[in-house]
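> here's my sequence, what's the structure:
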Amino acid sequence: MTSGEQFVAIDVGSAKIKAVIGEWDENKQLRVLGVGVAESRGIRKGNILDMEEFKSNLDTALGEAEKMTGEQVSHVCLGLSGVHIEVTQKTGIVPVSGSEVTEDDVQRALDMSQNGVDLMNRSVLKVIPESFGLDLENGIKNPVGMSGKKLEVRSHIISIGSNILANINKGVYDVGVEIMDTFPNLLAVGESTLSRRQKELGVVILDIGASATNMAVYEEGALIYGAVIPIGGELVTSDIALGLRISIDTAEKLKLEYGDLNFGASESEDYDEDIDLSQISNIDTITVSRKFLNEIIRARYEEIFHHVVMELKKVGRDGMLPEGSILVGGGAKTRGLTDLARNYMRLPSNIGVPEMVESISGTSISDPIYTSVIGTMLLIQKYGSNKRPFKMSFNIKGIFASFKNFIKKIIP
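Numbering: from 1, shown residues only. Next up, the predicted model:
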């Protein structure tokens, strides 16, 4: 990455759309220049339900970030999540083309690992190598330059529904920006939150979003398992609304203002408080039990952790990760959640925030909700992209499309 080169990342979530503009300084540190956040009203469970609403929300988030920098965004990288994302573990074996392994050999092995994967109506987002084997030697992290005859790779193939991806791409293009690359949030959150030591010793990171919970397990510096659990913060809100017979909006306010999984822990078991809903809502005016509220919240989070434990058992890591669990995403901000996670999963547990980031915009990004979008920025630096940011492409069709979209922005 060139010093001073600006990049834009967008996290397309089911609750919020977040846009971040940043650049890398001469010390290769990311500096956040602008941040924009908008409600995501056109998406549910990662799928676009209202294209015009989606484009309006996306334009709002980009507009806020652009105001902070004074720059017009033309290229972006997307971060995606949702129940439609799948992770498949496969192995690929190829002969080494010469006396030493080259990058082409590695790419052929990664391509070969996709054979046999059911990709009907699906698009591959990324193929992430876990480890390589060269002849009789296993556990190699980077085989390029090593001698051998047979190269083997164990990889994680992350895919998404083709129609869902096509709709998201169309909405982004219609707003007037070009997509440089697309990354799954399942990878991004670990990039912005986990240290090298945590990845080496063993850790699971849980991104608790609105519609789904992404989990990624790292060990010996590599991703060893990934999964998407179709339960998120929206279901917690729905449970509250149904259990207390109140509106969804009031349930969301209750969750944010009075949700505390440690409520009453230091008091007697009979300790309780009454919450007058007329103080936070014009629709609901009843009084509800705070203890019952938190019992509802606890039950749904316990279900999430139950599924996490089941997934960890598949790879023999249940209760066996020294660095424990790191919780990120909007759902991780519930008070007392780390204690519940620690007790239920029998692992150390902490809230994760973006690390190694210098913000000069005056907007704080030290918040769990920004881990995915900041992680997408760091993945751009790690893997690069096929296109250069903020550069004009001398393609007549592309120039005409960009000019047409620019006109749309300035003429109401």
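
> show me where pLDDT drops low in the stretch 201-350 of the chain?
Within the stretch 201-350 of the chain, the stretches with pLDDT under 70 are 264-270.

> can you report how many residues lie near the residue lying closest to Asp59 once chain neighbours are set aside?
Excluding its sequence neighbours, the residue lying closest to Asp59 (CB to CB, 6 or more residues apart in numbering) is Val175, at 5.2 Å. For the C-beta atoms, the positions are set from N, CA and C on the backbone; glycine is no exception. Val175 has 22 neighbours, counted by other CB atoms under 10 Å.

> these two touch, right, Val175 and Ser56?
No: using CB atoms under 8 Å, Val175 makes no contact with Ser56, being 9.0 Å away.

> follow-up on the earlier one: ok, now how distant is the residue nearest to Asp59 from Ile164?
Between Val175 and Ile164 the distance is 17 Å, computed by CB to CB, to the nearest Å.

> Ser366 now?
In terms of CB to CB, Ser366 sits 31 Å off from Ile164.

> more neighbours, these two?
Using other CB under 10 Å as the criterion, Ser366 and Ile164 rank with Ile164 on top: 21 against 11.

> tell me if that one really is in a helix.
Yes: assessed with DSSP: H, G, I helix; E, B strand; the rest coil, Ile164 lies in a helix.

> show me the contacts for it.
Contact partners of Ile164, counting by CB atoms under 8 Å, 6 or more residues apart in numbering, are 46-48, 82, 84.

> check Gly42 too.
The contact partners of Gly42, taken as CB under 8 Å, 6+ apart, are 48-57.

> then Gly319?
Counting by CB under 8 Å, 6+ apart, Gly319 touches 312, 345-347.

> so it, which state does it fall into?
coil.

> from Glu303, how far off is it?
Using CB to CB, one gets 19 Å for the distance from Gly319 to Glu303.

> Glu200 now?
31 Å.

> same check, this time on Asp274
Asp274 sits at a distance of 27 Å from Glu303 (criterion: CB to CB).

> when these two are compared, which one has more neighbours?
Each of Asp274 and Glu303 has its neighbours counted (other CB under 10 Å); Glu303 has more, 15 against 10.

> show the contacting residues for the nearest residue to Arg335 once chain neighbours are set aside.
Among residues not flanking Arg335 along the chain, Asp260 sits closest, at 4.2 Å (CB to CB, 6+ apart). Shown in contact with Asp260 (CB under 8 Å, 6+ apart): 294, 334-336.

> so which of those residues are in helices?
Judged by DSSP state H, these include Asn294 as members of helices.

> CSV for the contacts of Asp260, including neighbour count and distance to Gly209?
CSV is the format used below for the contacts of Asp260 (neighbours: other CB atoms under 10 Å; distance: CB to CB, whole Å):
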residue, neighbour count, distance to Gly209
Asn294, 23, 21
Thr334, 22, 13
Arg335, 15, 18
Gly336, 17, 19
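
> so which of the contacts of Asp260 belong to strands?
Using DSSP state E, no member of the contacts of Asp260 sits in strands.

> list just the nearest of the contacts of Asp260 to Leu194.
Thr334 (21.2 Å; CB to CB).

> that closest one contacts Phe263, correct?
No: if you go by CB under 8 Å, Thr334 and Phe263 don't touch, sitting 11.1 Å apart.

> quick one: the helices in the stretch 201-350 of the chain?
For the stretch 201-350 of the chain, helices defined by DSSP state H, counting those that start in this stretch occupy the ranges 233-244, 248-258, 290-314, 337-345.

> I'd like those helices laid out as CSV, including distance to Val124.
Shown next, in CSV, are the helices of the stretch 201-350 of the chain (distance: least, CB to CB, whole Å):
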stretch, distance to Val124
helix 233-244, 27
helix 248-258, 35
helix 290-314, 22
helix 337-345, 31
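
> do you know which of those helices lies nearest Val204?
Val204 lies closest to helix 290-314 among those, at 6.7 Å (CB to CB).

> buried residues in the closest one, which are they?
290-291, 293-294, 296-298, 300-301, 304-305, 308-309, 311-312 (16 or more other CB atoms under 10 Å).

> and it, what does it pack against?
If contacts are counted by 3 or more CB pairs under 8 Å, 6 or more residues apart in numbering; DSSP states H and E, helix 290-314 sits against strand 203-208, strand 213-219, strand 222-229, helix 233-244, helix 248-258, strand 274-276, helix 337-345.

> among the ones you listed, which is the most enclosed?
Of the helices and strands packed on helix 290-314, the one with the most neighbours on average (mean count of other CB atoms under 10 Å) is strand 203-208, at a mean of 27.

> now do it against strand 213-219, angle only.
170 degrees (axes from the mean of the first three to the mean of the last three CA atoms, to 10 degrees).

> what's strand 203-208 in contact with?
Applying CB under 8 Å, 6+ apart, the contact partners of strand 203-208 are 81, 185-186, 189-190, 193-194, 213-219, 232-233, 304, 308, 312, 317, 321-332, 341, 347, 352, 371-372.

> ok, that strand: who's next to it in the sheet?
Next to strand 203-208 in the sheet, as set by DSSP bridges, lie strand 213-219 (antiparallel), strand 325-328 (parallel).

> tell me how far that strand is from the chain's mean position?
10 Å (CA atoms, centre = their mean, to the nearest Å).

> ditto for stretch 296-311
For stretch 296-311, the distance to the chain centre is 19 Å (CA atoms, centre = their mean).

> CA atoms of it as PDB?
Extracted in PDB, the C-alpha atoms of stretch 296-311 (Å, rounded to 0.1, in the frame of the first residue of the first chain):
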ATOM      1  CA  ILE A 296     -35.800 -13.400  28.400                       C
ATOM      2  CA  ILE A 297     -32.500 -11.800  27.100                       C
ATOM      3  CA  ARG A 298     -30.400 -14.500  28.900                       C
ATOM      4  CA  ALA A 299     -32.400 -17.400  27.400                       C
ATOM      5  CA  ARG A 300     -31.700 -16.200  23.800                       C
ATOM      6  CA  TYR A 301     -28.000 -15.500  24.400                       C
ATOM      7  CA  GLU A 302     -27.600 -18.900  26.100                       C
ATOM      8  CA  GLU A 303     -29.100 -20.400  22.900                       C
ATOM      9  CA  ILE A 304     -26.400 -18.600  20.900                       C
ATOM     10  CA  PHE A 305     -23.600 -19.900  23.100                       C
ATOM     11  CA  HIS A 306     -25.100 -23.400  23.000                       C
ATOM     12  CA  HIS A 307     -24.700 -23.400  19.200                       C
ATOM     13  CA  VAL A 308     -21.200 -22.100  19.600                       C
ATOM     14  CA  VAL A 309     -20.300 -24.900  21.900                       C
ATOM     15  CA  MET A 310     -21.800 -27.400  19.500                       C
ATOM     16  CA  GLU A 311     -19.600 -26.000  16.700                       C
END
